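Novice: Sequence below, structure please.
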Amino acid sequence: MTPLHYRPLPPLLRPLVDKFYRSQRSPMRSQAGDEIWVAEQVGEIVAALSLRAVAGGQWLTGLFVATALRRQGLAATLLDHALAQHPEAIWLFCHPDLQSFYQRHGFEAGHPLPAELAERLARYQRSKSLLSLRAH
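Specialist: Below you'll find the model as predicted:
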């Protein structure tokens, strides 16, 4: 496998992550102001992670790996790179099936959410089964 490079994506290059999502037929889109981390292989984005600033820390809003490269550790390594640069609290919402993945990377259940995330989670849980986890 060709070596991978992990880095935060400069804001001016944000359209490249949306191009990646479209190429994978994903409904995900980046948002202005989010911090985007990518894994690149031969100059092409093959995985992306999004962090959004919230009161008291960051909210991990998305983690996506190219279909052809899944189950090879890219998500884990990309997540570890982003976490290493953010010592503050990082919250995420995930399906219960993903809880063990995130727990292996330091996320735990049972921590209070900032008000803005608590309200959002309550709305999301009306139609989806989601858990709240926090790292740090």
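Novice: A32: neighbour count?
Specialist: 6 (other C-beta atoms under 10 Å). For glycine as for every other residue, the C-beta is placed from the backbone atoms N, C-alpha and C.
Novice: ok, the closest residue to it other than its chain neighbours - how many residues close by?
Specialist: Once flanking residues are discounted, A32 sits nearest to R14: 7.3 Å by C-beta to C-beta, 6 or more residues apart in numbering. Neighbour count for R14, taken as other C-beta under 10 Å: 17.
Novice: Need the three-state assignment for R14.
Specialist: Classification of R14 using DSSP: H, G, I helix; E, B strand; the rest coil returns helix.
Novice: is it true that it touches R29?
Specialist: No - using C-beta atoms under 8 Å as the test, R14 is too far from R29 to be in contact (9.9 Å).
Novice: so where is the chain shaky, pLDDT-wise?
Specialist: 1 (pLDDT under 70).
Novice: Next up, the contacts around S132.
Specialist: By C-beta atoms under 8 Å, 6 or more residues apart in numbering, the contact set of S132 is 91-93, 109, 111, 113, 117, 121.
Novice: So of those, which two are at opposite extremes in space?
Specialist: A109 and L117 (13.9 Å; C-beta to C-beta).
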